[in-house]
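S.K.: give the three-dimensional model of this entry:
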Amino acid sequence: MAGASVHMQHLNSRVGVTMATATTPTDTQIGTRVQLPEKTRNSRVLVLGATGRVGGSTAIALSKLCSDLQIVVGGRNREKGVNMVATLGRNSEFSEVDVNNVKSLEAALKDVDLVVHAAGPFQQAEKCTVLEAALETKTAYVDVCDDTAYSQRAKSFKNSAIAANIPAITTGGIYPGVSNVMAAELVRAARSESKGTPERLRFYYYTAGTGGAGPTILATSFLLLGEEVVAFNKGEKIKLKPYSGMLEIDFGKGIGKKDVYLLNLPEVSSTHEVLGVPTVSARFGTSPFFWNWGMAIMTSLLPPELLRDRSKVQQMVELFDPVVRQVDSFAGERVSMRVDLECSDGRNTVGIFSHKRLSVSVGYAAAAFVMAILEGSTQPGVWFPEENEGIAIEARELLLERAAQGTFNFVMNKPSWMVETNPKELGLGIYV
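M.R.: Numbering: from 1, shown residues only. Next comes the predicted model:
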């Protein structure tokens with residue numbers, strides 16, 4: 001599938017970008033820098049929230065993946081911004097931007113070709129201000145949204161993006177994001193190789209501590225505790241209590257078995273709709289184990305209204321953050337994703353993605369989506385990662401390779417017994 005051709009207004013300080021045809025892996029392998037197509041060389045990418053953990057990690061990953069990119073560090077704190085520019089080195093600059101101010105956003109977007117929105121949290125946000133500004137200025141867009149309501153609101157701008165001839169991806173981080181692409185690949189393989197039909201899709205996530213991602217991730221976790229969990233069972237939409245339904249899941253080598261709990265995550269609704277799988281759910285767990293207990297207790301004791309109030313949640317984050325950072329210092333920040341697909345003929349396949357550092361891995365995940373758009377694998381419109389128009393099928397393998405840089409365990413489309421820690425052999429090559 002050829003990518004979109006996007007012709008942006010050519011200003012004195014702006015590079016006109018024409019999207020090239022999506023490429024397959026050649027010499028753009030993990031561990032090497034990418035050579036962009038000639039017409040996308042020196043593209044300017046603005047990373048909003050680049051003075052924070054997720055945005056900063058994205059900016060660093062982009063600088064390592066492609067030396068041709070001009071990276072604009074967007075944030076409100078000039079001192080932190082200047083420090084990030086010093087870290088990135090040449091081909092970078094700081095731009096003072098307030099993501100809640102339309103005029104500030106549009107001014108910052110006028111001389112860039114793509115904007116990455118990593119200035120969360122996204123929960124309880126009333127508008128898609130950055131996306132709207134991107135459409136107004138005809139700027140390609142990626143966000144790392146992890147909120148169902150926000151992602152659905154972003155999707156409502158699909159026709160506006162098509163009219164503006166602008167490609168945009170919502171939920172383009174690690175989870176959701178890379179996990180959605182993993183699910184899409186499992187479903188595609190099942191439909192081409194299996195005699196059955198995909199029936200059940202389950203997302204399992206684990207991080208040690210907060211994954212080194214700081215107060216924003218902590219705020220996101222608390223805000224999610226105030227949301228009813230949406231899941232699907234045989235095509236029927238059901239609502240469940242957050243941080244309930246505990247399961248012990250084997251994340252394979254380097255991680256092992258971990259307890260995970262139901263959370264309201266956007267990939268459940270989007271993959272159900274896009275991939276047509278009737279039963280879908282998502283669970284998340286952390287360590288040390290007492291964090292899981294604390295999250296479950298908060299869900300039971302605190303009123304949902306409190307957990308949905310961003311200002312009150314921010315006060316809680318400020319209270320807990322020093323303790324969390326102390327625990328993170330010995331808990332580490334390992335991250336693992338496991339995506340399971342079951343088919344009607346008994347076929348059960350798994351994808352696993354494990355990395356020692358979430359704060360690094362999330363940057364490569366978001367950067368992989370940025371590169372995919374710049375290389376032309378995304379058509380005009382607003383897309384979820386698992387949609388063919390979001391990431392062209394032939395571009396998925398390269399995206400996953402880039403996102404998986406530094407992983408110690410990355411496997412796709414394998415039976416569960418091949419990826420779990422200690423599978424038991426019954427004999428004759430049969431495992432349980």
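S.K.: any low-confidence regions in this protein?
M.R.: Along the chain, segments meeting pLDDT under 70 span 1-41, 210-216, 423-432.
S.K.: redo that, cut-off 80
M.R.: Scanning the chain for pLDDT under 80 picks out the ranges 1-42, 194, 209-220, 308, 310, 313-314, 317-318, 320-331, 422-432.
S.K.: just give me the longest helix of it.
M.R.: Longest helix in the chain, counting residues (DSSP state H): helix 310-331.
S.K.: contacting residues around the residue most central in space within the chain?
M.R.: Note on the chain: the residue nearest the mean C-alpha position is residue 173, at 1.7 Å, using CA atoms, centre = their mean. Residues counted as contacts of residue 173 (CB atoms under 8 Å, 6 or more residues apart in numbering) are 54, 118, 144-146, 362, 365-366. All C-beta spots, glycine's among them, are computed from the backbone N, C-alpha and C.
S.K.: what residues does the longest helix of the chain touch?
M.R.: Residues from elsewhere that reach helix 310-331, judged by CB under 8 Å, 6+ apart: 121, 123-124, 208-210, 212, 215, 218-219, 222-223, 287-288, 291, 306-307.
S.K.: mind checking how far the residue nearest to the centre of the chain is from residue 95?
M.R.: Taking CB to CB, to the nearest Å as the measure, residue 173 falls 22 Å from residue 95.
S.K.: go through stretch 289-308 and flag the buried ones.
M.R.: Under the neighbour-count criterion of 16 or more other CB atoms under 10 Å, stretch 289-308 has 291-292, 295-296, 298-299, 307-308 buried.
S.K.: next: stretch 236-250.
M.R.: 240, 242-243, 249-250.
S.K.: can you tell me which of the residues you listed are in strands?
M.R.: 240, 249-250 (DSSP state E).
S.K.: quick one: distance of stretch 283-293 to the chain centre.
M.R.: Put simply, stretch 283-293 sits 20 Å off its chain's centre (CA atoms, centre = their mean, to the nearest Å).
S.K.: show the end-to-end separation of it, please.
M.R.: 15 Å (CA to CA, to the nearest Å).
S.K.: kindly report the same for stretch 218-235.
M.R.: One end of stretch 218-235 sits 32 Å from the other (CA to CA).
S.K.: what comes up buried for that stretch?
M.R.: 218-227, 229-232.
S.K.: dump the buried residues of stretch 289-308 into TSV; add secondary structure and distance to residue 329 as well.
M.R.: What follows is the buried residues of stretch 289-308, written out as TSV (DSSP: H, G, I helix; E, B strand; the rest coil; distance: CB to CB, whole Å):
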residue	secondary structure	distance to residue 329
291	helix	14
292	helix	19
295	helix	20
296	helix	24
298	helix	23
299	helix	26
307	helix	27
308	coil	30
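S.K.: just put the residues you listed in a markdown table and tack on distance to residue 272.
M.R.: Listed next are those as a markdown table, based on distance: CB to CB, whole Å:
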| residue | distance to residue 272 |
| --- | --- |
| 291 | 29 |
| 292 | 26 |
| 295 | 25 |
| 296 | 26 |
| 298 | 28 |
| 299 | 24 |
| 307 | 25 |
| 308 | 24 |
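S.K.: restricting to C-alpha, output stretch 257-274 in CSV.
M.R.: What follows is stretch 257-274 as a C-alpha-only set of coordinates in CSV (Å, rounded to 0.1, in the frame of the first residue of the first chain):
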residue,chain,number,x,y,z
LYS,A,257,4.8,-14.7,36.2
LYS,A,258,3.1,-11.5,37.4
ASP,A,259,-0.3,-10.6,38.7
VAL,A,260,-2.3,-8.3,36.4
TYR,A,261,-5.6,-6.5,36.9
LEU,A,262,-8.3,-5.0,34.7
LEU,A,263,-7.9,-1.4,33.5
ASN,A,264,-9.9,0.8,31.1
LEU,A,265,-7.5,1.1,28.1
PRO,A,266,-8.3,2.4,24.6
GLU,A,267,-6.9,-0.6,22.7
VAL,A,268,-9.7,-2.7,23.9
SER,A,269,-12.4,-0.7,22.1
SER,A,270,-10.3,0.1,19.1
THR,A,271,-9.1,-3.4,18.3
HIS,A,272,-12.6,-4.8,18.9
GLU,A,273,-13.9,-2.4,16.3
VAL,A,274,-11.0,-2.4,13.8
